[in-house]
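> here's a sequence, model it:
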Amino acid sequence: MSEARHPEPIQIGLVSDQPIRLEGLVTVFDQPAAEGSVQLVPIIGTLQEMLSLQALEYLVVDMDSSPGGLAMLDSIRRARPTLRLIVIGPDGNDELVLESIIAGARAYLDMTSDIETVRQAVDVVTGGSIWAPRRLLSKLIDRLLKVPDGNIANGPVHLTDREKQVLELILQARSNREIARQLGIEERTVKAHVGRLMRKTGADNRIELTMRAMNRPLTPHGSPNAESHSNNPVRGRSKGVD
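Residues are numbered from 1 along each chain as shown. Below is the predicted model of the structure:
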């Protein structure tokens, strides 16, 4: 009988100028992976060392102790645009959270987050979704909808109000069934909306759709025939996206 094949561990880069915080981040990965899940392995080093590791796909950045702030995130994005960032920064600054996500962060955690919360955020990001305070997701979408981009040949993507609702819930890592239940529509209708979102953005799957939504301007459809919002408002849970 052949041996069972186990998925390769995922390396997670850790960057912090504070040794004590770095030690705390390492403990996030002490617990073994659940059965069937990929083991996460922390890699410690300077930012430049992390950027030089071309195989590295995920990076936890302690922005509160690292110089540069948003400028640092922007430089990381320019150097390694596909690197998925988990940012730890100060609490109580919604603008900073929004700007961090726009600058490339796929998760934002405040300095008071416990080990379990940090691990949950890392698991969500490695699963292809976004972790952010839910109260900010709608603001984030609204901001991205308004961003012009002259580099895109065909101009911004136009979304109906319903497509925008569906996209907000996709960013919250909701399944088609959950989206249908929350919006009060049939699951097949959700699938149709997701299909249109993929065609409009050129995405091949939901993960790519999420990434494109974070990096491409999307504008609501201006037609008076655009679908109206459902009677069931888009609501988020109290913690990060899961």
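
> could you use CA atoms for every contact and neighbour count after this?
Will do.

> shaky segments in the chain?
For the chain, applying pLDDT under 70 flags the ranges 1-7, 33-37, 65-67, 134, 138, 141-157, 173, 207-208, 211-212, 214-242.

> strands along this structure, start to end?
With strands called from DSSP state E, the chain shows them at 10-15, 40-44, 58-62, 84-89, 105-110, 157-159, 218-220.

> any chance of these in JSON lines with mean neighbour count as columns?
Output for the strands of the chain, formatted as JSON lines (neighbours: other CA atoms under 10 Å):
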{"stretch": "strand 10-15", "mean neighbour count": "21"}
{"stretch": "strand 40-44", "mean neighbour count": "18"}
{"stretch": "strand 58-62", "mean neighbour count": "24"}
{"stretch": "strand 84-89", "mean neighbour count": "25"}
{"stretch": "strand 105-110", "mean neighbour count": "25"}
{"stretch": "strand 157-159", "mean neighbour count": "19"}
{"stretch": "strand 218-220", "mean neighbour count": "22"}
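
> right, so of those strands, which gets closest to residue 126?
Closest approach to residue 126 among those is made by strand 58-62 (7.6 Å; CA to CA).

> quick one, domains of the chain?
10-132, 138-220 (automatic domain parsing).

> and the helices in this structure?
Using DSSP state H, the helices of the chain run over 19-27, 47-52, 70-79, 94-102, 115-126, 134-146, 161-171, 176-183, 187-201, 206-215.

> how far off centre is the third one?
Once both centres are worked out by CA atoms, centre = their mean, to the nearest Å, helix 70-79 turns out to sit 16 Å from its chain's centre.

> mind giving me the packing neighbours of that helix?
With contacts defined as 3 or more CA pairs under 8 Å, 6 or more residues apart in numbering; DSSP states H and E, helix 70-79 has these neighbours: helix 94-102.

> pull out the buried positions in the helix it packs on.
Residues of helix 94-102 classed as buried: 96-98, 100-102 (neighbour count, 16 or more other CA atoms under 10 Å).

> just these now: which is nearest residue 47?
Nearest to residue 47, judged by CA to CA, of the buried residues of helix 94-102 is residue 100 at 16.9 Å.

> just checking, residue 140 touches residue 98?
Yes. The pair residue 140 / residue 98 is scored as a contact, 6.3 Å apart, by CA atoms under 8 Å.

> residue closest to the middle of the protein?
Residue closest to the average C-alpha location in the chain (CA atoms, centre = their mean): residue 130, at 2.4 Å.

> dump the residue contacts of residue 118.
28, 109 (CA atoms under 8 Å, 6 or more residues apart in numbering).

> what distance do you get for it to residue 28?
Residue 118 sits 7 Å away from residue 28, going by CA to CA, to the nearest Å.

> same deal with residue 121?
In this structure, residue 121 and residue 28 are 11 Å apart, going by CA to CA.

> likewise for residue 79?
Look at residue 79 and residue 28: by CA to CA, they are 27 Å apart.

> these two: who's more crowded?
residue 28 (18 against 12; other CA atoms under 10 Å).
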